[in-house]
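1. 3D model of this:
(chains A and B)
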Amino acid sequence: MGALGVKLPTQVMSLHSIILDGVDQQPAKPAVIEGSGTGSMDYATLGELSDRVRDRLVALGIKRGDRVGIYLRKSADGIAAIVGVLKAGAAYVPVDPTGPPPRNAYIHHDCEAKAVVIEQCFVPAYREELARLGGALPSFIILESVGGGAPLATALRTLDERSPAGAVATVESAPDDLAYILYTSGSTGKPKGVMLSHRNAVAFVDWCSDAFQPAADDVFSSHAPFHFDLSILDIYVSLKHGASLVLVPESAGKDPLALSQLISRHRITVWYSAPSILSILAQFGRIPEHDYSRLRLVLFAGEVFPIVHLRSIKHQVPHPRYFNLYGPTETNVCTYYEIPPAIADDRVEPFPIGRTCENLESKVVDLEGRVVPAGTEGELCIAGPNVMQGYWNLAEQTARAFIPDEAGKRWYKTGDIVVENPPGCYRYVGRRDRMVKKRGYRVELGEIESCLYGHAAIQEVAVVALPDEAAGVKVKAHVSVRDGKRPSLIELKTFCSQRLPLYMIPDTFEFHPRLPKTSTDKIDYQTLKALG
Amino acid sequence: MNTTNSSEIEAPIKAFIMTEFLPGEDAGQLAEDTPLISAGILDSIATLRLVEFLEKTFSIEMAAHETDAEHLDTIERIARLVRFKKSPLVR
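-> Numbers count the residues shown, from 1 in each chain, chains lettered A, B, ... in the order given. Down below sits the predicted model:
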């Protein structure tokens, strides 16, 4: 604060420098705990191991501004690798270790990753796909496995024995250097990379500090995978405040009993996940048999939380504060709403997405980009330090994502239609385009269509999203086939599973002799949606 | 007794999967070794419903770590797990 109580602008720190406090002040405290029981890592080890990753990356020729791929299951090794990439001045690009290797190889090829930290089990398929895509291969840091940091330490030691990597200084990144690129579903059939800078990440993490007052005795869950933007809150808010981060392994992520056990055993205080996970906990997690007493914050984001399940979990676990956080990957959280203590029995309407985060600005515009009066539906636009740099290598899509104003401010168009009511509080209405949220993941229906068009038997395909009471949204593919040769459902789902993440596979398929058309001979999506 | 013949276990599991998750599919396409979870036929919610079905139908209890692809990816594996759970040694 300045002399007049005005907050003075301060030097923007790098994402890796804000977590150093934890390293210095409490070396023996667990920074990362693997929820599967495979290991943990204290702050001193996290600092040392990430330094070694930095040294190795620099020895491999990684320079400020380069990209480094992360292809690891969730583990302490993964966290140390990520911090090491940041310390080398590079941006990390995490991929879904459970996802199809062709998609993951495409992502690292697209962002021209110069190096990749990867587990041995993923190497053969990944290397083959990279070779098929052509171009220079990245340098590999290969771990035999993951767990507690030992496999990463061993991999680095092995490389050192061949050619030692000398200790170098941590790179002090500039605020607009990229910290990470997160790939999300793209409408053209290829995932697109959202570029987030140190300024973006630090602004968001600092807002979380103000809003949620984290402390060193907090225990954060890390439910979201590292390629999903919810992980930014988990990892960096926890490490900034010297708290402990409990990693939920991929294998337990959707298993309600395993999650209940993990919350109880590790005495989790801050939970953050998509609403669908809290829904399955409420239904199948046997909450009364487990100890949820230490939970103080339950945060959820990524999709609308069906009120019936929210009421159920609040009823079973009444004491924490519950927050609905809203924001696309391009801005991270940009509005928030605290769920009131009591939810009326007759309430069916979902809760609002709430007010704009204090460090950002918002406005609601019509199709021409003009601000609409409060109470009128329009597209939510966001400006401020959280807002992404753009999409990697997609200048046109980046230009379309923003509207500049007279003052030169860049407003990111979220694509979400909202209405402001009451003043200062936004309600979510729906999407402007063909993106849907399924279990918190962004799904571009066009990407699923592109995938299915790759199947030899398919003539035409139209993918629609339908409301579903239990799951929130159901994805249905309408298809017509060539020469009446109808592939089996099992064959189509298997085909998709080799090319798309599992959450993008259509739930149901319907076969048609030909798809209905509009008068202009386009596929008639309205008619298809009406079929249910 | 621990002899449960094949149709007592496999048939109801197959019937459940066909009706619930593959409506309209030709039953001949679903073999006992067809991958279910890894091929995207059962998503996470579907897997939970399958577990619920198994617990009720066969009067067994499944542990958290058993509800994954390693144990449930094919009808063959599911049946093996059910048989193990129903064997006198476990009971």
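2. ok, and what's touching stretch A:418-432?
-> A:304, A:326, A:335, A:337, A:350, A:352-356, A:362, A:364, A:374-380, A:415-417 (CB atoms under 8 Å, 6 or more residues apart in numbering or on different chains). Yep, even glycine has a C-beta here, placed from its N, CA and C like the rest.
3. ok, now with 10 Å
-> With CB atoms under 10 Å, 6 or more residues apart in numbering or on different chains as the test, stretch A:418-432 has contacts from A:303-304, A:324, A:326, A:334-335, A:337, A:349-356, A:362-364, A:367, A:372-380, A:413-417, A:436-437, A:465.
4. average pLDDT across stretch A:282-295?
-> Computed over stretch A:282-295, the mean pLDDT rounds to 95.
5. still on that earlier bit, among the contacts of stretch A:418-432, which are located in strands?
-> A:324, A:326, A:335, A:337, A:355-356, A:362-364, A:378-380, A:413-417, A:436-437, A:465 (DSSP state E).
6. Measure how buried A:F284 is and give me the count.
-> 19 (other CB atoms under 10 Å in any protein chain shown).
7. Who are the contact partners of it?
-> So A:F284 contacts A:255-257, A:259-260, B:45, B:48-49, B:51-52, B:67 (CB under 10 Å, 6+ apart).
8. likewise A:Y183?
-> A:93-96, A:103-104, A:106-108, A:110-111, A:190-194, A:227, A:329, A:391-392.
9. can you list the residues of chain B near chain A?
-> For chain B, the residues in contact with chain A (CB under 10 Å from any CB of the partner chain) are B:21-26, B:28-31, B:34-49, B:51-52, B:62-70.
10. List buried residues within these.
-> For the residues of chain B next to chain A, a burial check counting by 16 or more other CB atoms under 10 Å in any protein chain shown picks out B:21-22, B:25, B:30, B:34-37, B:39-49, B:51, B:62, B:64, B:66-69.
11. picking up where we left off before, show the buried residues in the contacts of stretch A:418-432.
-> Buried among the contacts of stretch A:418-432 (16+ other CB under 10 Å): A:303-304, A:324, A:326, A:334-335, A:337, A:350-356, A:362-364, A:378-380, A:413-414, A:416-417, A:436-437, A:465.
12. so which of the residues you listed also contact chain B?
-> When contact is defined as CB under 10 Å from any CB, the buried ones among the contacts of stretch A:418-432 do not meet chain B at all.
13. Now do the same contact list for the residue sitting nearest the centre point of chain B.
-> Among the residues of chain B, the one closest to the centroid is B:I78, at 3.8 Å (CA atoms, centre = their mean). By CB under 10 Å, 6+ apart, the contact list for B:I78 reads B:9-10, B:13-14, B:17, B:32, B:36, B:50-51, B:54, B:71-72.
14. Greatest separation within those residues: which pair is it?
-> Farthest pair in the contacts of B:I78 (CB to CB) is B:E32 and B:V51. Separation: 18.7 Å.
15. Output the lowest mean pLDDT helix or strand found in chain A.
-> One helix or strand of chain A scores below all others by mean pLDDT, DSSP states H and E: helix A:20-25, with a mean of 66.
16. any low-confidence regions in chain A?
-> A:1-10, A:20-23, A:470-471 (pLDDT under 70).
17. Can you name the residues bridging to the closest residue in space to A:I353 that isn't next to it in sequence?
-> Distances taken as CB to CB, 6 or more residues apart in numbering or on different chains put A:Y326 closest to A:I353, at 3.8 Å, once the chain neighbours are dropped. For A:Y326, the beta-bridge partners are A:T335 (DSSP bridges).
18. how close does the residue nearest to A:G369 when sequence neighbours are not counted get to chain B?
-> Distances taken as CB to CB, 6+ apart put A:I403 closest to A:G369, at 5.0 Å, once the chain neighbours are dropped. A:I403 sits 37 Å away from chain B, going by CB to the nearest CB, to the nearest Å.
19. Any idea which residue is closest to the centre of chain A?
-> Against the mean C-alpha coordinate of chain A, by CA atoms, centre = their mean, the closest residue is A:F228 at 1.6 Å.
20. Next, the contact list for that residue, please.
-> Taking CB under 10 Å, 6+ apart as the criterion, A:F228 is in contact with A:94, A:96, A:182, A:184, A:234, A:274, A:302, A:329, A:440-442.
21. So what does it look like in phi/psi?
-> phi -110, psi 140 (degrees, to the nearest 10).
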